[in-house]
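*Asks:* prediction below, plus the sequence it came from.
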Amino acid sequence: MKTTPSASSLMSRENLYFLVLAALLLLVFPVLLDAFRLNLVGKYLTYAFVAVGLVLCWGKGGILSLGQGVFFGLGGYCMAMFLKLEASSPEATASQSTPGIPDFMDWNQVTELPWFWQPFHSFSFTLIAVVMVPVILAFIIGVAMFKRRVGGVYFAIITQAIAAILTILIIGQQGFTGGANGITDLRTLMGWDIRGNEAKTVLYFVTSGLLLACVLLARHVLGSKLGRILVAMRDQEDRVRFSGYDVASFKVFVFCLAAALSGIGGALFTLQVGFMSPSFVGIVPSIEMVIFCAVGGRHSLLGAVYGALLVNAAKTGFSESFPELWLYAMGALFIAVVLAFPNGIAGLYQRYLMPLEKKILGGLGKAANTPPTAAARRMEETP
Amino acid sequence: MFADYSMPELMSIFAMQGFAGLSLFSIFVLMALGLAIIFGQMGVINMAHGEFMILGAYTTYLTAGLFETVMPGLYGIYFFVAMFLAFIASALLGMLVEWLMIRHLYHRPLDTLLATWGLSLILQQAYRSVFGAREVGVSLPDWMMGSIAVTDLVEIPINGLIVMVLTLVIATLVYLLMFRSGWGRQVRAVVQNRPMAEAVGIDTGKVDRITFALGCGIAGVAGAAFTMIGSTGPTSGQLYIVDTFLVVVFGGAQSLLGTIASAFTISQAQSTMEFFLSGSMAKVLTLLVVVGILMLRPQGLFALKVRR
């Protein structure tokens, strides 16, 4: 059920919101913030990729994955492996006992580059891997689970277990993955130094542009028939199945799409932050990513972007000034989002600001007969 | 990996690791029993379950401290008092949480997950503020220390043995409560069909609250047992939550027997492999196998055949 008052006014309204976000990301932030803060915002935006993916698979599709950190991490690690190989040229690592391999391998008595590192010498392979490695894993998980009609809570628990497995594996296999420290000391991308302020600003714009493109893609998916089927599936799975649709395939598709978005986010994260470590893969970051989406509004793509920005900004602010209080605030946020405003910022906006905006803008929303409160209530009923 | 050891050595390795695994098994069973009641019976995903366990562990730590300073003569029996207090503390907190939070969320199981995760963050930070970030431990009374030498190579620690006996007693009690008492029948009735249960006069709200409190209380007892084999820190509980959920799901969410069987399988597999591989690889392999089996058999090992 989409809360469409009238298609044309909604489209223009949605376009307007999208343009506001684009202006905020591409004009307001770069003008107002210094290079350091802008880089921070760029980092938050990489989480927004995951949140947008979660809107697709959780908000619209009803599939709660607690393993998005896995896909974020895989994308990030793919990029980090490429950058690390570039940073460990035989000349740069001449002092090692085996020159030409990453420093942590040398420390762990690995003398040869493992086979799965080999293809990451190629940049084009890396770009494909950033998307495809998460997608392939998501496809395997998705086919195995959804074809057997495992969903809901069980799916959440199993994806969480996968996040745990991958983290333990990365930390345990120090010689191949860099262990708990992760892959650090990344320097250049195709000879271009990514550590300077200028490079970080360029990367910020790349991130923003890609994010906006991904939001448009996700909106396109949701606007198509497929999006309708997703929502129908979330609300009445059996009826969709009895209508002749292959429910499992749609779920696999949307889960893979969310994984691809997370992978892109992870790769951009690595580029901007300059390292990748298992602390962005495990259970805790994966659940935090869900909260970005929940705070923004699990049904709203743009809300998810704002959610990721706000929660992360609050996290940075809080942990800078009151490190003690941060976990209380975060915990309270979780509980409040679930109990008090399950539709997040987007829901609050829809309920309180939209009527106001309508009053101000006058006739723009006249065609809308359904009051937004009713729409919001309708959304709350869905699981 | 077995080639380096002789046959008798292998046998004693298996026996020793098997026994080491039994301590893990006890924690798993106690954690999972509480979770099986809360998750399997009520459908609530309690991510704060580990923190309820740690509350029990801290209660035990405080009780031990109290006995040590006030009545050192009775230190030998502190554990049983602590266990009881741990149960009460966790159950009371559980009741409060159910009343404040969970009862509003019964129709939204995925949201209970997020809300209880928030609760777990708050509890962790509260523990850190009250008890400090450093891990605390209790000293065992004399009669619990030491070990029994079964053969030259095999030794069984006494505290592990006690924890295990305790686990079996509690598991039996829970079984009797759930399947042989009037109250257990009410719980199962509410789970199977809430409106009908209400129609025949069961106070479902009260049943929910007590069920949740019972699950949390058992987690508290798990915490008391946990102090005997490890030290307690603010985030110790979080380490067990994924394993515990897997234990419950692997055993078949609604079957208590399945929970015990799967706790046994997982803990033994992990503990035995730990001797031959590194600890992290043993854990990875165990979890992978469990996830793999769950993908093939999503209903778990012992699924109840219920007509819906």
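*Replies:* Okay, I see it.
*Asks:* tell me if stretch A:256-272 is near chain B.
*Replies:* No - remark: stretch A:256-272 sits outside contact range of chain B, by Cβ under 8 Å from any Cβ of the partner chain, the gap being at least 15.6 Å. Just so you know, the C-beta spots here come from the backbone N, C-alpha and C atoms, and that holds for glycine as well.
*Asks:* swap in stretch A:220-240?
*Replies:* No - against chain B, stretch A:220-240 shows no contacts by Cβ under 8 Å from any Cβ, the least distance being 11.3 Å.
*Asks:* quick one: mean pLDDT over that stretch.
*Replies:* Throughout stretch A:220-240, pLDDT has a mean value of 89.
*Asks:* what about it, start to end distance?
*Replies:* End-to-end distance for stretch A:220-240, by Cα to Cα, to the nearest Å: 21 Å.
*Asks:* report the buried residues of the host helix or strand of residue A:328.
*Replies:* Secondary structure from DSSP states H and E places residue A:328 in helix A:326-339. For helix A:326-339, a neighbour-count test (16 or more other Cβ atoms under 10 Å in any protein chain shown) marks A:326-331, A:333-335, A:337-339 as buried.
*Asks:* same deal with stretch B:126-133?
*Replies:* B:126-128, B:131.
*Asks:* which residues are in contact with residue 167?
*Replies:* Just so you know, I chose chain A. Contact analysis of residue A:167 by Cβ atoms under 8 Å, 6 or more residues apart in numbering or on different chains lists A:278, A:281-283.
*Asks:* chain B, not that one
*Replies:* Neighbours of residue B:167 in contact, by Cβ under 8 Å, 6+ apart: B:25-26, B:29-30, B:225.
*Asks:* let's see it at 10 Å
*Replies:* For residue B:167, the contact set (Cβ atoms under 10 Å, 6 or more residues apart in numbering or on different chains) comprises B:22-23, B:25-30, B:33, B:221-222, B:225, B:260, B:263.
*Asks:* closest one to chain A out of these, please.
*Replies:* Chain A lies nearest to residue B:28 out of these, by Cβ to the nearest Cβ, at 14.5 Å.
*Asks:* so which strand or helix has that closest one?
*Replies:* Short version, using DSSP H and E: residue B:28 is in helix B:7-35.
*Asks:* which SS class is residue B:106?
*Replies:* Using DSSP: H, G, I helix; E, B strand; the rest coil, the secondary structure recorded for residue B:106 is coil.
*Asks:* hang on, it packs against residue B:207?
*Replies:* No - if you go by Cβ atoms under 10 Å, residue B:106 and residue B:207 don't touch, sitting 11.9 Å apart.
*Asks:* so these two - more neighbours on which side?
*Replies:* residue B:207 (21 against 14; other Cβ atoms under 10 Å in any protein chain shown).
*Asks:* for the more buried one, give its distance to chain A.
*Replies:* Separation of residue B:207 from chain A (Cβ to the nearest Cβ, to the nearest Å): 21 Å.
*Asks:* what helices or strands is the helix or strand hosting that residue leaning on?
*Replies:* Following DSSP H and E, one finds residue B:207 within helix B:204-229. Here helix B:204-229 touches helix B:7-35, helix B:49-70, helix B:78-100, helix B:158-180, helix B:182-192, helix B:194-199, helix B:236-251, going by 3 or more Cβ pairs under 10 Å, 6 or more residues apart in numbering or on different chains; DSSP states H and E.
*Asks:* average pLDDT for the second one?
*Replies:* Summarised as a single mean, pLDDT over helix B:49-70 is 90.
*Asks:* what comes up buried for that helix?
*Replies:* By neighbour count on 16+ other Cβ under 10 Å, the buried set for helix B:49-70 is B:49-64, B:67.
*Asks:* now the angle from that helix to helix B:78-100?
*Replies:* Counting by axes from the mean of the first three to the mean of the last three Cα atoms, to 10 degrees, helix B:49-70 points 140 degrees away from the direction of helix B:78-100.
*Asks:* who does helix B:49-70 touch, helix- and strand-wise?
*Replies:* helix B:7-35, helix B:78-100, helix B:109-131, helix B:204-229, helix B:236-251.
*Asks:* quick one, which of those helices gets closest to residue A:240.
*Replies:* helix B:109-131 (19.2 Å; Cβ to Cβ).
*Asks:* strand partners (parallel or antiparallel) of whichever helix or strand comes after that closest one?
*Replies:* Moving toward the C-terminus from helix B:109-131, the first helix or strand encountered (DSSP H and E) is strand B:147-149. With DSSP bridges as the test, strand B:147-149 is paired with strand B:155-157 (antiparallel).
*Asks:* what comes into contact with the strand it pairs with?
*Replies:* Residues contacting strand B:155-157 (Cβ under 10 Å, 6+ apart): B:12, B:15-16, B:19-20, B:22-23, B:144-150, B:163-164, B:228-229.
*Asks:* what residues does the stretch 201-308 of chain B put near chain A?
*Replies:* Residues of the stretch 201-308 of chain B lying close to chain A by Cβ under 10 Å from any Cβ of the partner chain are B:234-235, B:238-239, B:241-243, B:245-246, B:248-250, B:253, B:277-288, B:290-292, B:294-300.
*Asks:* circling back: closest one of the contacts of residue A:167 to chain B?
*Replies:* Nearest to chain B among the contacts of residue A:167, with distances taken as Cβ to the nearest Cβ, is residue A:283, at 6.4 Å.
*Asks:* for that closest one, grab the count of nearby residues.
*Replies:* So residue A:283, with other Cβ under 10 Å, has 22 neighbours.
*Asks:* correct me, but it touches residue A:161?
*Replies:* Yes - between residue A:283 and residue A:161 there is a contact under Cβ under 10 Å: 9.0 Å.
*Asks:* who touches both of the two?
*Replies:* Common neighbours of residue A:283 and residue A:161 (Cβ under 10 Å, 6+ apart) are A:66-67, B:242.
*Asks:* just these now: which is nearest residue A:288?
*Replies:* residue A:66 (10.6 Å).
*Asks:* got the phi/psi numbers for the closest one?
*Replies:* The phi/psi pair for residue A:66 (degrees, to the nearest 10) reads phi -100, psi 20.
*Asks:* where's it relative to residue A:116, distance?
*Replies:* Residue A:66 sits 26 Å away from residue A:116, going by Cβ to Cβ, to the nearest Å.
*Asks:* so for the two, which residue has more residues nearby?
*Replies:* Just comparing residue A:66 and residue A:116: by other Cβ under 10 Å the higher neighbour count belongs to residue A:66, 28 against 9.
*Asks:* how much space between that one and residue A:300?
*Replies:* Counting by Cβ to Cβ, the gap from residue A:66 to residue A:300 is 21 Å.
*Asks:* where do the strands sit along the stretch 201-350 of chain A?
*Replies:* With DSSP state E, counting those that start in this stretch as the definition, the stretch 201-350 of chain A shows no strands.
*Asks:* contact partners for residue B:214?
*Replies:* B:33-34, B:37-38, B:41, B:87, B:90-91, B:94-95, B:174, B:177-178, B:183, B:187.
*Asks:* could I have the buried ones of those as ChimeraX selection syntax?
*Replies:* This is the ChimeraX syntax for the buried subset of these, where burial follows 16+ other Cβ under 10 Å:
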select /B:33,34,37,38,41,87,90,91,94,95,174,178,187
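*Asks:* you'd agree residue A:92 is in a strand?
*Replies:* No - assignment of residue A:92 by three-state DSSP gives coil, placing it outside any strand.
*Asks:* wouldn't it be in contact with residue A:103 here?
*Replies:* Yes - in this structure residue A:92 lies within contact range of residue A:103 using Cβ under 10 Å: 9.4 Å.
*Asks:* and those two? Which one has more around it.
*Replies:* Ranked by neighbour count (other Cβ under 10 Å), residue A:92 and residue A:103 place residue A:103 first, with 18 against 14.
*Asks:* report the separation between residue B:180 and residue B:57.
*Replies:* 30 Å.
*Asks:* for residue A:293, that is, sorry about that
*Replies:* Separation of residue A:293 from residue B:57 (Cβ to Cβ): 33 Å.
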